[in-house]
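**Student:** Give me a model of this one.
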Amino acid sequence: MHLSMANLPEIVYRIGVAIPLFTKPDINGDSSFAPQDLIACTQVCRTWYSVLTPLRWYYFDDRAKYFQKVPLPLLQANSRHFRYLTLSSPVALRSTLLRELVIYGESLIANMDLLHKNPQLESLGLFFLDDIAYREIQTALDTTLQLRTLRVFCGRHPNIDHLVQFISNNTQLQDLELIDIAGVDKCVWTRPLMHLKDLRLNTYLSTSPGLVDLIRQCPNLESISFHARFGCPAETIARNVQECCPHLTSIRCLEGTSHRNRTWLLCTQEILLLLAATPRLVHFEMEMVELNAEISDALVAHAQYLETVHIYVEGMGDTLVHGGKILALCPNLKSFALASACNAWAPKDGLALLEQPWKSTGLESFWLDGIWYNGDRDDIAGDYEDFFEADPDDLEKDRGGCGVVMNQESELKETGKILSRYGWEQKGRTCSDDHDALGSRYANQLLRRLLQRVVVMPKVRGVSVNKFNFVKKGSSYRRIAF
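**Tutor:** As a prediction, the model looks like this:
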């Protein structure tokens, strides 16, 4: 029987893999499984059904609502098609072609065979409740030797000697994350991790100082992330990076903000040591008490390389002034975020970010969070008198003779004029939300002048001020999240 080109299995398969299985990420980066288009294509004819049905089962996550109503027999029958599997329940599956496996709790023991039957695994996430579960699957782990990505969480002390050996045996490993692994005083590594580029030590390093030695085994490391809580050995991290990781370009430390305790943040001297540990810093994300002159000068020393600067502060100081300096002196900056833990900045102070022209003409995303938006707070910040004065530059003049937004819907309308003129729009939360309203004269100025600056910048896709998000139409902007 003659087959048209559209019915050739090879052509149908190529069509199928080009059909998105997930919704487009929203402004927070979230997406959901949505195979409706692929399912519709399976109804074209028998050939399309037989070729495309396996693609529908490439992704499976038993925590997702979409999959929770799938009958168990149907699930097990189609488990042979799984390529990317997340499993949290003890269900026996028949998958032998997995590329990625994320497995939790009791399902670890029930599905040890998945490790034996999938030696080709490239990505593995293991989440143990205790060391007993880890001991149960040690033999199965020994058959997994081709990993490129590994995430390990253990609520209690695992067999660290075996874990070290397991990591070392995966010589092609590029991405490693160790989560809440405690009690590691010393590690003996049998071989260096020559291909490891991204290391995330998301644990209390003061209770596991041996993990810091892992840095010395990664000569080609490009990115490191770690906690700053409970006596983080920042000086040792900086020394290890400086001596053993000449290619490091990314430093991230943003895990302790929920504790709101300044004593757990790195001090200025520790941050300076980290900034001096690499000759070429491209991405920097850090929580600190304040962005001061010393830290901003150390960042500007990397001005020709910096593409990402995300800073979260617990205090006030002159953070906004020094943030403006970074924007003015770093020509290759693509993503900039400055956030305060307690909405500490008066709108008038926020104007410091705009005092100088920004040299970063390639900026793509900008987030400022922590501008106080209530007139009563302006009194504390020192600009209460101006709160009731007319603002000759306000978007809407002579509204009752004051610079206060009398009607927030009107303010949204006026802001919208700037946005629509340059093909922008507001996404998500709007200015009609009481709690985050920018309500004073200087708040209006700050928002207006910020938008007037960024909407004409050629590569900016989105701007966030407090909870308000402004996006260039047609762009895929993801709100920066700490």
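**Student:** Are we agreed that Q452 is in a helix?
**Tutor:** Yes. Counting by DSSP: H, G, I helix; E, B strand; the rest coil, Q452 falls inside a helix.
**Student:** For the remainder of this discussion, apply numbering that starts at 18.
**Tutor:** Okay, using 18 as the starting number, the last item reads as Q469.
**Student:** In contact with it, which residues?
**Tutor:** By C-beta atoms under 8 Å, 6 or more residues apart in numbering, the contact list for Q469 reads I435. In short, each C-beta sits where N, CA and C put it, glycine included.
**Student:** Kindly report the same for C270.
**Tutor:** C270 neighbours (C-beta under 8 Å, 6+ apart): 242-245, 249, 283, 302-304.
**Student:** now, which of these sits nearest D178?
**Tutor:** D178 lies nearest to F243 out of these, by C-beta to C-beta, at 22.6 Å.
**Student:** Leaving out chain neighbours, which residue sits closest to the closest one?
**Tutor:** Counting by C-beta to C-beta, 6 or more residues apart in numbering, L218 is the residue found nearest to F243 once chain neighbours are left out, at 4.4 Å.
**Student:** Quickly run through the sheet partners of the strand or helix carrying that neighbour, with directions.
**Tutor:** Per DSSP states H and E: L218 is located in strand 215-219. Using DSSP bridges, the strands paired with strand 215-219 are strand 192-196 (parallel), strand 240-243 (parallel).
**Student:** right, so the ones you listed: which one is the most enclosed?
**Tutor:** Most buried of the strands paired with strand 215-219, by mean neighbour count (mean count of other C-beta atoms under 10 Å): strand 240-243, with a mean of 21.
**Student:** Touching, G122 and N128? I think so.
**Tutor:** No. Taking contacts as C-beta atoms under 8 Å, G122 lies outside contact range of N128: 11.0 Å.
**Student:** Between these two, which has more neighbouring residues?
**Tutor:** Higher neighbour count among G122 and N128: N128, with 22 against 17, using other C-beta atoms under 10 Å.
**Student:** I'd say that one and S106 touch.
**Tutor:** No. Using C-beta under 8 Å, N128 is not in contact with S106, being 9.8 Å away.
**Student:** Pull up the distance across stretch 472-481, start to finish.
**Tutor:** End-to-end distance of stretch 472-481: 13 Å, with C-alpha to C-alpha, to the nearest Å as the criterion.
**Student:** picking up where we left off before, got CSV for the strands paired with strand 215-219, with distance to D202 and mean pLDDT too?
**Tutor:** Shown next, in CSV, are the strands paired with strand 215-219 (distance: least, C-beta to C-beta, whole Å; pLDDT from 0 to 100):
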stretch, distance to D202, mean pLDDT
strand 192-196, 15, 94
strand 240-243, 17, 95
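**Student:** now the strands: where do they sit in the stretch 218-367 of the chain?
**Tutor:** 240-243, 267-270, 300-305, 325-330, 352-357 (DSSP state E, counting those that start in this stretch).
**Student:** So for R465, which of those strands sits nearest?
**Tutor:** Of all these, strand 352-357 sits nearest to R465, with 18.7 Å by C-beta to C-beta.
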